[in-house]
Structure formats: structure tokens, C-alpha cells
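> Based on what follows, work out the 3D shape:
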Amino acid sequence: MKRIYLDYNATTPVNAEVMDEILPFFSKDFGNPSSLHMHGQKARIALDTARERVARALGCSNYEIVFTSGGTESNNLAIAGYLAKSAVKGRTPHVVTNATEHNAVLNVCQLLVKRGVEVTYLPVDGGGIVNIDELKSSIRENTLLVSIMSANNETGVIQPLGDIVRISHEQGVPVHSDAIQAFGKIPLSVKDLGVDMLSISAHKIYAPKGVGALYLRRGISVEPVVCGGSQEKGMRGGTENIPGIVGLGKACEMAVKNVQGNFIKDRMLRDKLQSSLVKNIRGARVNGDPDKRLPNTLSISFSGIEADALAVRLDMEGISVSTGAACSSGASQSSHVLKAMGVPAEFLNSAVRLSIGCENTSQEIDRASEIISRTVCEMRGESS
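Below you'll find the predicted structure:
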């Protein structure tokens, strides 16, 4: 039978319409956009068109978009690049982030600590949501940046970004948000949110891996973390990945067009799966705020089960799931996200992430629910 893919938060297949737009730039339209001849100018037009599409999708101006190699670089450029540009000599810079951020944020913060930067990691409640009062009290005179993700990649929990921006701006501190998991799944406009910087990645929205973008509000300046030529207004050196950027532009356009319909469909399938698993499996625990979650994401634990072993068994049954962030798979330690949420020990190492996407059907969800329920019971030595 056809495999069931329930790991869309890890990566997505390239959409057929996106692929159609990409392919010419691998062959006949292969030019370097910095070249003055016809081949280069065709690539330049494609680059400009993609930038316009991304800007329109995010609700900003073309010149506020910087293309990168992906979400990780976008986060690095936003945080490390902004601090390098804004730090005042003789004054220790301070950054505020949250304990459940993706490692693309946490690890750059750890690197900055080694360079003398102070970092405050805000705690979250049991649902995974940042405490606004804690944020307010954590901002100091030397705070240069607040970086809080839009939605968590493991649990799907959505942060109150509007309140975060308001409080930070009241104290004169700009805000960066990692929206890599949120963009395309929920309506998202940088103008409405008021954020100063925002990161997105192509391969989460049915475009190729290896390309992303960073929104930089007018007036916000960063030092490049990839130094080279004068591409991207000097903020990101290196010949632009035109096929990937073209794909990102098209995917952004489609994401905004389809976001409402996909929201309803994904939430219906996610809720159906969640309801069935909770009903049929003893000791099932849903992780994360029950309401403030991405519509497609379900983090669920099964007491007495090792998540890695369950993921392997399900793979053998034809179902692809994750035990957390895909880029952390294979790590022996428990999820830092679930730890920060205070998830009890019996559920900490038994969590799997099930994420819905464009190709999933109601029939697939029924079959996946039956297989997951049976497999958990078999691993426990119970009758299903």
C-alpha cells in the first residue's frame, strides 16, 4: 500500500507548479544575475520577480527581503548580524529569547555567549507559551534584541507575537521571529505583527531545500555572516541560487493563496487523528496548548513506549513520523522543548510528532490511526 507521510514539519515535497517554474533555470535560463548580458539579465528579472512575490506574501516591500541559504542562515543573520551591527563598544549586549526555540536560534545564542553576549531564556508554561510578564521584566537597558519564534516546530504551539512585539517596542527593543514553521500554515503579515525581522524557509512550503529569506524592516541593518560579493545589498555574499529563489517565490505566492483552505483541512485531519489516538490508546498525552497550535501539528506521547522504537516500527508499517525536530533526530537526549514545558518523565521520551500536509487524506488518517494504535499496543504487550 502507499506509504503515509506524516512528517510535513520536517520537510515537504516540491509542488508541481513550483517545479515547473524552477526547471528552466537549471538549463536554458542558467545565467548569473550579476552578469550584464542577456543570460544574466533573464536571471536578474527572475530574481526580482521572486523577491516581489515573497514581499507580497509577507506584506512588506521588495527591498526588505534578503535571500539566504535557508532558515538557519536567516536566523543567524538576524541575530548575530544585528548584534554585530548594533553593539556599542564597552557595553555588554543582551538578547532575550525563549527556552523552546529551534536550535538554529539557541545555538547561535550559545555562540554569542562565548563572545561575551548575555542571553536570557524565557521559561514557558505547561502549554509551551511564553509568559508576557516575564518578557517585560527581562528587558534591560542593554537589551538589543528579542527573538521569539512564531510557532514551535515540535508542538506547533503559537506564541503571542503581537503582545511580544508591543511590549518590546514600548521599551525600544526590536523583535526577530523565526516563522519557519508558521509561515504558510497560518495567516502571517509582518505589517500586522509589527516585527522587525522574520525568517522563512522554502522547504517547509513545498519548495526546494537550500533557500530561505529574511525580512528586514526598513531602518534595520545587519552585518553579513556570509561575506563575499555585493549580492543582496551587501548583506549576503555569494551568487544567488536562482532556481531555489524562483521556487521560493512561487511557493510563497501559493501559500498565501491557499492558507485558509489548508488551515481548515489540516486542522480537521489533525483533530480526527488526535481524537482517535487519545480514544484508542491508554496513557496517550497531547503535548502543547490545545487551542494555540498550528492546525497541522500533533505532538503526542504514549506512556511506557520509547519514541525512537515506535518511529522505527511505524516506518516498517509504511508510516513516516518524527520524534521531534528532524535536525535533532538521532540525538539521545530528551526534547528540550518538552523539558521546558515540564512534561512528566514518563511522557518525555515517548513523544512523536505527527504533522499533516497537502497529500494526506481522511482515509490515510483512518489507516494511520489504526496502525499507530495497534503498534503501540503490541509494543506494550497489550491486545488492541
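
> I'd like to know which elements the helix ranked longest in the chain is packed against.
Among the segments of the chain that qualify as a helix by DSSP state H, the longest is helix 242-280. Using 3 or more Cβ pairs under 8 Å, 6 or more residues apart in numbering; DSSP states H and E, the elements in contact with helix 242-280 are helix 16-22, helix 38-58, strand 284-287, strand 297-302, helix 362-380. For glycine as for every other residue, the C-beta is placed from the backbone atoms N, C-alpha and C.

> Looking at those, which is nearest to residue 268?
Nearest of those to residue 268, taken as Cβ to Cβ: helix 362-380 at 8.1 Å.

> Show me what counts as buried in the closest one.
Residues of helix 362-380 classed as buried by neighbour count (16 or more other Cβ atoms under 10 Å): 364-365, 367-369, 371-373, 375-377, 380.

> which residue ranges form the strands in the stretch 1-150 of the chain?
4-5, 65-68, 94-98, 118-122, 143-147 (DSSP state E, counting those that start in this stretch).

> Need the CA coordinates for the fourth one. PDB is fine.
Written as PDB, here are the backbone C-alpha positions of strand 118-122 (Å, rounded to 0.1, in the frame of the first residue of the first chain):
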ATOM      1  CA  GLU A 118      24.300  38.000  27.800                       C
ATOM      2  CA  VAL A 119      21.200  35.900  26.900                       C
ATOM      3  CA  THR A 120      18.000  35.400  28.800                       C
ATOM      4  CA  TYR A 121      16.000  32.300  28.100                       C
ATOM      5  CA  LEU A 122      12.400  32.900  28.900                       C
END
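
> neighbours around residue 219, how many?
8 (other Cβ atoms under 10 Å).

> what does the one 3 residues further on give?
As a burial measure, the neighbour count of residue 222 was computed by other Cβ under 10 Å and equals 22.

> got a list of what it touches?
Counting by Cβ atoms under 8 Å, 6 or more residues apart in numbering, residue 222 touches 77-78, 81-82, 84-85, 216, 235.

> would it count as being in a strand?
No - assessed by DSSP: H, G, I helix; E, B strand; the rest coil, residue 222 does not belong to a strand; its assignment is coil.

> For it, give its distance to residue 214.
8 Å (Cβ to Cβ, to the nearest Å).

> which one of the strands of the stretch 1-150 of the chain is the most hemmed in?
Mean neighbour count (mean count of other Cβ atoms under 10 Å) peaks for strand 65-68 among the strands of the stretch 1-150 of the chain, with a mean of 26.

> what's around residue 91, how many residues?
Going by other Cβ under 10 Å, the residues that sit close to residue 91 add up to 10.

> Now for the closest residue to it other than its chain neighbours: which residues touch it?
Of all residues not flanking residue 91 in the chain, residue 142 sits nearest, at 5.8 Å (Cβ to Cβ, 6 or more residues apart in numbering). Taking Cβ under 8 Å, 6+ apart as the criterion, residue 142 is in contact with 91-94, 118.

> Could you do residue 82 as well?
Contacts of residue 82 by Cβ under 8 Å, 6+ apart are 144-145, 174, 176, 197, 220-222.

> what does the model give the residue nearest to residue 91 for pLDDT?
pLDDT for residue 142: 95.

> do residue 232 as well
For residue 232, the predicted pLDDT is 88.
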